[in-house]
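In: sequence isn't available, so here's the structure alone:
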């Protein structure tokens with residue numbers, strides 16, 4: 001059974017940093033693009049960042065570019081999201097996900113993902 005488990009969320013102040021982790025189990029995802037999304041209360045889920053299967057390419061939403069960094073460790077089947085200079089508008093539940101198709105540089109839209117974690121809450125106070 002495939003599972004994605006996010007961790008590392010919490011309550012921080014504006015300007016602080018936080019690192020999220022997403023550990024996958026049940027199969028290896030070293031051939032798949034992986035991504036992070038977030039959903040704030042009353043809003044739709046939005047794309048945050050994605051990383052290619054090798055880790056050589058990454059792509060970010062404009063709202064987090066320059067502040068967030070996505071990375072992965074395929075030996076640990078884990079993807080990370082390092083968040084810095086956080087803002088109150090970063091408050092959301094953060095989800096990691098795996099795209100459907102192996103070795104495809106895709107994944108800016110949630111429909112392209114087949115597996116999702118349960119989410120971890122991130123709250124940034126002003």
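Out: Arrived safely, thanks for sending. Predicted, not measured: the structure shown is a model, and the values here were computed from it.
In: how about residue 3, nearest residue that isn't a chain neighbour?
Out: Leaving aside its chain neighbours, residue 3 sits nearest to residue 25 (4.9 Å; criterion: C-beta to C-beta, 6 or more residues apart in numbering). For the C-beta atoms, the positions are set from N, CA and C on the backbone; glycine is no exception.
In: burial count for that neighbour?
Out: 11 (other C-beta atoms under 10 Å).
In: for this protein, give me the ranges with low pLDDT.
Out: The chain contains no residues with pLDDT under 70.
In: which stretches in it count as strands?
Out: All strands of the chain, identified by DSSP state E, fall at 3-7, 10-13, 18-25, 34-39, 46-51, 58-60, 68-73, 78-83, 92-99, 113-116, 120-125.
In: now tabulate those strands in TSV and tack on distance to residue 106.
Out: Listed next are those as TSV, based on distance: least, C-beta to C-beta, whole Å:
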stretch	distance to residue 106
strand 3-7	18
strand 10-13	31
strand 18-25	18
strand 34-39	10
strand 46-51	8
strand 58-60	10
strand 68-73	15
strand 78-83	16
strand 92-99	6
strand 113-116	9
strand 120-125	24
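In: which residues touch the residue most central in space within the chain?
Out: The centroid of the chain falls nearest to residue 36 when counting by C-alpha atoms, centre = their mean (2.2 Å). Going by C-beta atoms under 8 Å, 6 or more residues apart in numbering, residue 36 touches 20, 22, 48, 49, 50, 70, 79, 81, 94, 95, 96, 97.
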